[in-house]
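Chemist: fold the following.
(chains A and B)
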Amino acid sequence: MNDRNQTVRIKKEILIRLVKSFLSDDFIGNTRLIPYDMRPKGSEVPYRCCIYKERAILKDRTIAGLGFSIEDDDERKSLSEYAQEALDRTEPEEDPLTVIEVACKGCVPSQIYVTDICQGCVARPCQSTCKFGAISMQNGRSHIDGSKCKKCKMCMAVCPYNAIVQIAVPCEDACPVGAIAKDESGYARIDFDSCISCGKCAEACPFAAIHEKSQIIDILKNIKAGKEVIAMAAPSVVGQFPGNIGQLKTAILKAGFSGFYEVAQGADITARNEAKEFEERMKGGAPFMTTSCCAGYHQLLEKHLPDMKPYVSDTKTPLYYTAELVKKEHPDALTVFVGPCVAKRKEGMKNKNIDFVMNFEELGALFIGRKIDVMQCEETPLETESSKQGRSFCRTGGVADSIKALSDKTKPCLVNGFTKDSVKQLKKYAKDGKCEGCNIIEVMCCEGGCLGGNATINQIKTAHKIVEDFASKSKDITQ
Amino acid sequence: MKKVEVKLCLGTTCFVMGSSKLQELIDIIPEKFGDKVSVSGSACLELCSSSTEYSKAPYVKVDDDVVEEATVEKVLEVIEGKLK
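Modeler: Numbering: from 1, shown residues only, chains lettered A, B, ... in the order given. Okay, the predicted model is just below:
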């Protein structure tokens, strides 16, 4: 969940307009007009230097909404051409994030900086505290030599005037693996070989310069073509829209899907397999095991944490088992995972049983575009009821609790969200081959678990309460 | 004195466009105004079906006044205006 009202709002508005445009009788023409409809002639210019720049950025946002990379755009292609290409393409693009260079502010490089507030005092605690000899006096004020500064912030802590500040670059600071940085031109660029698709940069950027590439047009065109398209909704979907799960199922069917599955069903299989695997590993003398259902964690393991692999559970994700089941029951259907985050787009790309991925913001945009109000829908009963534990997978601690319910030997600890520090901690566990006082580590890329995913709609706290309430009314996994 | 009545629209449109964040008003309002103001979530208030549609969502009603693109601060300000 993102607190930045306006940036999230703009992204959602683009998605709603794209849905409306698709449902209209002139998708190509209306898509071309999106920047002009959002900033008509003579309208206010709320954020940028002029209306033309506003429209240029909105055009790029629309290109991302159509599922294309802005990095590849040469600015010569019109939105109509992009819209047509979105209709013609058969596969979504691989990397799920894209940076809109025109929207990027090109923030001042990250540094520790002495402000005007510095009094050039006699005590000079900053100078004596600095272990790297980076601070000298220039023109009666402290000056930091950037080439020597290690950003330890000791000078900030000791200055009696609070005159020293850290200049932040939100995307760089938020990235847990250092995959985003300014290029020679000073604008943010993602190194996709290093990126784990956690979406933290997209959440952090106050200019909304980083977008997810949407697959919403791919999904809508298959629905329109009359194909069987089945929604597989993540456990975290409960609590994202006012209304109960039966009403949500109706709303999703009304939106054009031909079927609805709870991914909590797959979570039940994950929990059982993982508990069994845990007991076997402990019997075999393993020091600990980590869970394996988070898609962000998978990419972290692949790209930055190879030493952890021997300790990671081989059990597949809830989505894996659900998609397998759906394809078995409906061999000709296309499957869409409806979930909270961008990381799952990568899992969708790798698994042939998952055709598309749609996030909660996109589902919300689809409801708005189709004028569907979840709370006003009748309830459609579910075909299969998942367990209390499967339905709790999405909150922090939920996966660990489900294994605990099936094995009495667990001593769990939680990695609740990736930051530079928690990634360092994980590297330490892997290197030492132990995690003090614990034999199972639940690893979640987002704080709050999936309820804190980058594309969630509800507040974590409120959603958590609804998920718990729903789970408490469900059968226990041991029954 | 008659109570000021606050209704947060929890229809899908308003919820997606930001009323999810307004739910904290349900805790804030009683703390701040005691029993002078009542607050509740409401099913779709049908305000998004007008010509401006979703673009002004989320909507909140304070008595008969409609707050467009509502935020916690905006709603509190309108309530304070009413209590003066």
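Chemist: contacting residues for residue A:163?
Modeler: A:114, A:115, A:116, A:117, A:118, A:119, A:142 (CB atoms under 8 Å, 6 or more residues apart in numbering or on different chains). In this view, the C-beta of every residue, glycine as well, is placed from N, C-alpha and C.
Chemist: now residue B:65. Its backbone dihedrals?
Modeler: Taking degrees, to the nearest 10, you get phi -80, psi 140 for the backbone angles of residue B:65.
Chemist: which stretches of chain B form helices?
Modeler: B:12-14, B:20-22, B:25-33, B:72-83 (DSSP state H).
Chemist: relative to chain B, how far out is residue A:42?
Modeler: 17 Å (CB to the nearest CB, to the nearest Å).
Chemist: which of the three states applies to that residue?
Modeler: coil (DSSP: H, G, I helix; E, B strand; the rest coil).
Chemist: report pLDDT for the residue of chain A found nearest chain B.
Modeler: Using CB to the nearest CB, the closest approach of chain A to chain B is made by residue A:364 at 3.5 Å. We have a pLDDT of 97 for residue A:364.
Chemist: what's near enough to touch the closest residue to it other than its chain neighbours?
Modeler: Distances taken as CB to CB, 6 or more residues apart in numbering or on different chains put residue B:16 closest to residue A:364, at 3.5 Å, once the chain neighbours are dropped. Shown in contact with residue B:16 (CB under 8 Å, 6+ apart): A:12, A:241, A:361, A:364, A:365, A:367, A:368, A:457, B:57.
Chemist: can you lay out the residues you listed as CSV showing neighbour count?
Modeler: Output for the contacts of residue B:16, formatted as CSV (neighbours: other CB atoms under 10 Å in any protein chain shown):
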residue, neighbour count
A:12, 21
A:241, 26
A:361, 24
A:364, 24
A:365, 28
A:367, 26
A:368, 27
A:457, 27
B:57, 24
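Chemist: possible to save those as JSON lines with distance to residue A:293?
Modeler: Converted to JSON lines, these look like this (distance: CB to CB, whole Å):
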{"residue": "A:12", "distance to residue A:293": "27"}
{"residue": "A:241", "distance to residue A:293": "23"}
{"residue": "A:361", "distance to residue A:293": "22"}
{"residue": "A:364", "distance to residue A:293": "24"}
{"residue": "A:365", "distance to residue A:293": "26"}
{"residue": "A:367", "distance to residue A:293": "27"}
{"residue": "A:368", "distance to residue A:293": "30"}
{"residue": "A:457", "distance to residue A:293": "21"}
{"residue": "B:57", "distance to residue A:293": "34"}
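Chemist: so which of those are in helices?
Modeler: Those of the contacts of residue B:16 lying in helices (DSSP H): A:12, A:361, A:364, A:365, A:367, A:368.
Chemist: measure the fifth one to residue A:40 for me?
Modeler: Going back to what we said before, that points to residue A:367. The gap separating residue A:367 from residue A:40 is 26 Å, by CB to CB, to the nearest Å.
Chemist: how about residue A:290?
Modeler: In terms of CB to CB, residue A:290 sits 52 Å off from residue A:40.
Chemist: residues touching residue A:210, list them.
Modeler: Residue A:210 neighbours (CB under 8 Å, 6+ apart): A:97, A:98, A:99, A:100, A:171, A:180, A:188, A:190, A:201, A:202.
Chemist: count the neighbours of the last one for me.
Modeler: By other CB atoms under 10 Å in any protein chain shown, 27 other residues sit near residue A:202.
Chemist: not counting residues beside it along the chain, what's closest to it?
Modeler: Nearest one to residue A:202, counting by CB to CB, 6+ apart, is residue A:210 at 4.1 Å.
Chemist: cool, residue A:213 as well?
Modeler: residue A:67 (4.9 Å).
Chemist: ok, now residue B:30?
Modeler: Using CB to CB, 6+ apart, the closest residue to residue B:30 is residue B:39 (7.2 Å).
Chemist: my guess is that neighbour meets residue B:27, correct?
Modeler: No - with contact defined as CB atoms under 8 Å, residue B:39 does not reach residue B:27; the gap is 9.2 Å.
Chemist: so the two - more neighbours on which side?
Modeler: residue B:39 (21 against 10).
Chemist: contacts only, for residue B:13.
Modeler: Taking CB under 8 Å, 6+ apart, one finds A:367, A:368, A:373, B:44, B:48, B:54, B:57, B:58 in contact with residue B:13.
Chemist: which bits of chain B sit near chain A?
Modeler: Proximity of chain B to chain A (CB under 8 Å from any CB of the partner chain) is limited to residues B:10-13, B:15-18, B:20-21, B:23-24, B:41, B:43-44, B:49, B:54-55, B:71.
Chemist: check contacts around residue A:466.
Modeler: So residue A:466 contacts A:238, A:239, A:458 (CB under 8 Å, 6+ apart).
Chemist: what's the spacing between it and residue A:64?
Modeler: According to CB to CB, residue A:466 stands 30 Å off from residue A:64.
Chemist: next one: residue A:230
Modeler: Per CB to CB, residue A:230 is found 26 Å from residue A:64.
Chemist: likewise for residue A:421?
Modeler: Counting by CB to CB, the gap from residue A:421 to residue A:64 is 30 Å.
Chemist: so which of the two has more stuff around it?
Modeler: More crowded of residue A:421 and residue A:64, by other CB under 10 Å: residue A:64, with 22 against 9.
Chemist: so that one belongs to a helix, correct?
Modeler: Yes - according to three-state DSSP, residue A:64 belongs to a helix.
Chemist: what's the closest non-adjacent residue to it?
Modeler: residue A:211 (3.7 Å).
Chemist: isn't the one you found up against residue A:96?
Modeler: No - contact criterion CB under 8 Å: residue A:211 and residue A:96 do not qualify, at 9.6 Å.
Chemist: re the thing from before, where's the residue nearest to residue A:64, which helix or strand?
Modeler: strand A:210-212 (DSSP states H and E).
Chemist: what sits against residue 5?
Modeler: Reading this off chain A. B:18, B:21, B:71.
Chemist: that's the wrong chain, I meant chain B
Modeler: Counted by CB under 8 Å, 6+ apart, residue B:5 has contacts B:37, B:38, B:61, B:62, B:63.
Chemist: of these - the most surrounded one?
Modeler: Each of these was scored for neighbours by other CB under 10 Å, and residue B:62 scores highest at 22 neighbours.
Chemist: for beta bridges, what are the partners of it?
Modeler: As for beta bridges, residue B:62 partners with residue B:6, residue B:65 under DSSP bridges.
Chemist: using the three-state scheme, assign residue A:98.
Modeler: strand.
Chemist: okay, and the beta partners of it?
Modeler: Where residue A:98 sits in a bridge, its partners, by DSSP bridges, are residue A:211.
Chemist: I figured it hits residue A:71, correct?
Modeler: Yes - contact criterion CB under 8 Å: residue A:98 and residue A:71 qualify, at 6.2 Å.
Chemist: who has more neighbours out of these two?
Modeler: residue A:98 (24 against 13).
Chemist: which pLDDT value belongs to that one?
Modeler: Note on residue A:98: pLDDT of 97.
Chemist: center of chain B, which residue is that?
Modeler: Centroid check for chain B by CA atoms, centre = their mean gives residue B:60 as the closest residue, at 2.7 Å.
Chemist: which residues sit in contact with that one?
Modeler: B:6, B:7, B:8, B:9, B:19, B:22, B:66, B:67, B:70, B:75.
Chemist: doesn't residue B:63 make contact with the second one?
Modeler: No - under the criterion of CB under 8 Å, residue B:7 makes no contact with residue B:63, lying 9.3 Å away.
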